[in-house]
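Q: Sequence first, predicted coordinates after that:
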Amino acid sequence: MFPWGNEWRAHALRWHGGDRREGETTAPVDAYPEGCSPYGLLQMAGNVDEWCADWFQWDVYRHYAAGDLRPPVPGEERVIRGGTCLRWQRHHFRCAMRRGNDPAMVNVHYTGIRCAADVSARSPAFREAPEA
């Protein structure tokens, strides 16, 4: 449910419901090692919202489930994930939580970009799919 597992850990991320004194500011990426994912990724929840490459379409998963894997067509909102430190409800930090945001209306102090790359077969993070 969350990047670190299914149990809520208030101390694993920067969020407004945590330390009210610090909750309205961002933190260094490595400030919350308790929130590390099993893949070694930090700050996948909390701290800043993160832009994703795809355009927001509210029913996109319904299309994917039906076998239509085409990405959403360009629109007016980009997908945001992660949940900024200004958020205070736990469900905003779920891995499945996504929302749309108009790129022209971004809060640059609380929005980031997560850089990612395909994992090569030589990388230690790469795991072969088990044979059926």
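A: Received it, and whenever you're ready, just let me know what you need.

Q: H63 falls within a helix, correct?
A: Yes: according to DSSP: H, G, I helix; E, B strand; the rest coil, the state of H63 is that of a helix.

Q: For this protein, which segments are assigned as strands?
A: 49-55, 78-81, 99-101, 111-113 (DSSP state E).

Q: Could you tell me the average pLDDT over the third one, please?
A: Read it as strand 99-101. Across strand 99-101, the average pLDDT comes to 89.

Q: which strands and helices sit next to that strand?
A: The contact analysis (3 or more C-beta pairs under 8 Å, 6 or more residues apart in numbering; DSSP states H and E) places strand 99-101 against strand 78-81. Placement of C-beta: from N, CA and C, glycine included.

Q: which other helices and strands contact the strand it packs on?
A: strand 49-55, strand 99-101.

Q: Any chance of TSV for the ones you listed, columns distance to E34?
A: Shown next, in TSV, are the helices and strands packed on strand 78-81 (distance: least, C-beta to C-beta, whole Å):
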stretch	distance to E34
strand 49-55	19
strand 99-101	25
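
Q: Point out where this structure drops to low pLDDT.
A: Low-confidence segments of the chain (pLDDT under 70): 18-23, 114, 116-132.

Q: Mind jotting down where the helices sit in it?
A: Taking DSSP state H as the test, the helices found in the chain are 60-65.

Q: Just give the nearest non-adjacent residue to the residue positioned nearest the centre of it, would you?
A: Residue closest to the mean C-alpha point of the chain, counted by C-alpha atoms, centre = their mean, is G82 at 3.2 Å. Distances taken as C-beta to C-beta, 6 or more residues apart in numbering place E50 nearest to G82, at 4.3 Å, with adjacent residues excluded.

Q: got it, and P74?
A: W55 (5.3 Å).

Q: Same check on V79?
A: C52 is the one closest to V79 (C-beta to C-beta, 6+ apart), at 4.0 Å.
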